[in-house]
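Trainee: generate a structure from the sequence data that follows.
(chains A, B, C and D)
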Number of protein chains: 2
Amino acid sequence: MLSKKTQYAFHALIHLAENVDKGPILISEIAQEKNISIKFLENILLELKNAGILGSKKGKGGGYYLMRPPREVPLARIIRLLDGPIALLPCVSLNYYERCENCKDEAICGLNEVMSKVRDATLKILENKTLKDILTRN
Amino acid sequence: MLSKKTQYAFHALIHLAENVDKGPILISEIAQEKNISIKFLENILLELKNAGILGSKKGKGGGYYLMRPPREVPLARIIRLLDGPIALLPCVSLNYYERCENCKDEAICGLNEVMSKVRDATLKILENKTLKDILTRN
DNA sequence: CATAAATCCTATAAAAACTATAGGATAAAT
DNA sequence: ATTTATCCTATAGTTTTTATAGGATTTATG
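Mentor: Numbering: from 1, shown residues only, chains lettered A, B, ... in the order given. Predicted coordinates:
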């Protein structure tokens, strides 16, 4: 399961994407709209900003905004940033690989093979779907 | 990522499946072969037994064995038993569903839709692949 | 029937990760 | 100068994960 942090990030990004024309959006507005602890959300948005996904403006009229159009932000990017690996096992992770400590040879390990397939199927979706694809349909 | 518990379970089950003709297998043998803490593994095997996946025999000549042929044990079963939900979000979980607390209507939530697709793609593999499919290839 | 071998069971400890909060620092608008 | 809002870092609280401990129970066998 995705952590609360990542879940909150998605909902916040959705709100920002749906209000992309309204200039900077307040943390407090997002927190209220999406029912998220404001202080927790503050940390999350800051992390997204430091990663270059969001921009911000301080002071009156300030807030957060997307640095790129929603269709250019893949969901996988957000998950990897806040949650780490997407794969189910360290030995099949593309970005956070670690050698398996329980099997002798990953090249002939059937678990490795199946979990690689799961990773590929998952990434095929999460690398290609973007913020644009998770906006509320109406 | 899958927990260590689930990872160990898979490796233990692989060992049991690969030695299905040798009668009951000792915890200590599996632990040594797969480099797993024996006491931790003991708890895991017991849980698998209580769920009906493994059988056991006490005393001399005892140990653990599979209750069914490897091809009848889907990987999803093991993960759900030891790790819980396979889905990335509570609101798209088939077995551990919880309502989303951050969106107003799941029926029109785009995040829900995409994560349902991820779940389906993952389950298509994990429900159909079994212990037989993760045995060492040689 | 005594002994050794092995799982059974429950409790608990240790560590790590997750979730959330606090409070002052900094920057911008007016 | 004042107000507004993000920036930054620390830390507290809780839960989950990982691992260990130790005696109870069951079984095989000489």
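Trainee: what average pLDDT does the longest helix anywhere in chain A get?
Mentor: Looking across chain A with DSSP state H, the single longest helix is helix A:110-126. What helix A:110-126 shows for mean pLDDT is 98.
Trainee: one more: stretch A:22-32?
Mentor: Mean pLDDT, stretch A:22-32: 97.
Trainee: OK, contacts around the residue most central in space within chain A?
Mentor: Using Cα atoms, centre = their mean, the residue of chain A that lies closest to the mean C-alpha position is A:I78, 1.9 Å off. Going by Cβ atoms under 8 Å, 6 or more residues apart in numbering or on different chains, A:I78 touches A:T6, A:A9, A:F10, A:L13, A:L48, A:I53. Where you see a C-beta, it was placed from the backbone N, CA and C, and this is true even at glycine.
Trainee: now it: which helix or strand?
Mentor: A:I78 is located in helix A:75-83, with elements delineated by DSSP states H and E.
Trainee: ranges for the strands of chain A?
Mentor: With DSSP state E, the ranges of strands along chain A come out as A:54-57, A:63-66.
Trainee: of those, which stretch is the most buried?
Mentor: Greatest average neighbour count among the strands of chain A goes to strand A:63-66 (a mean of 21), per mean count of other Cβ atoms under 10 Å in any protein chain shown.
Trainee: what separation is there between the residue in chain A sticking out farthest from the centre and A:A121?
Mentor: Distance from the C-alpha centroid of chain A peaks at A:K104, with 33.8 Å (Cα atoms, centre = their mean). Look at A:K104 and A:A121: by Cβ to Cβ, to the nearest Å, they are 27 Å apart.
Trainee: again, but for A:P69
Mentor: The gap separating A:P69 from A:A121 is 27 Å, by Cβ to Cβ.
Trainee: and what of A:L81?
Mentor: A:L81 is 21 Å from A:A121, by Cβ to Cβ.
Trainee: what does A:S93 give?
Mentor: Using Cβ to Cβ, one gets 15 Å for the distance from A:S93 to A:A121.
Trainee: and what of A:N95?
Mentor: Applying Cβ to Cβ, the value for A:N95 to A:A121 is 17 Å.
Trainee: which of these two has more residues huddled nearby?
Mentor: Legend: neighbour count by other Cβ atoms under 10 Å in any protein chain shown for A:N95 and A:A121, higher for A:A121 (19 against 10).
Trainee: OK, contacts around A:M1?
Mentor: The neighbourhood of A:M1, defined by Cβ under 8 Å, 6+ apart, consists of B:G84, B:P85, B:A87, B:L88, B:L89, B:P90.
Trainee: so how many other residues sit close to the fourth one?
Mentor: As a burial measure, B:L88 scores 25 neighbours (other Cβ under 10 Å).
Trainee: which parts of chain A belong to which domain?
Mentor: Recorded structural domains for chain A (assignment: automatic domain parsing) are A:4-66, A:85-134.
Trainee: the first one vs DNA strand D: in contact?
Mentor: So the one you mean is domain A:4-66. Yes. Using Cβ under 7 Å from any atom of the strand, domain A:4-66 reaches DNA strand D at A:26-28, A:42-43, A:45-46, A:49-50, A:56-64.
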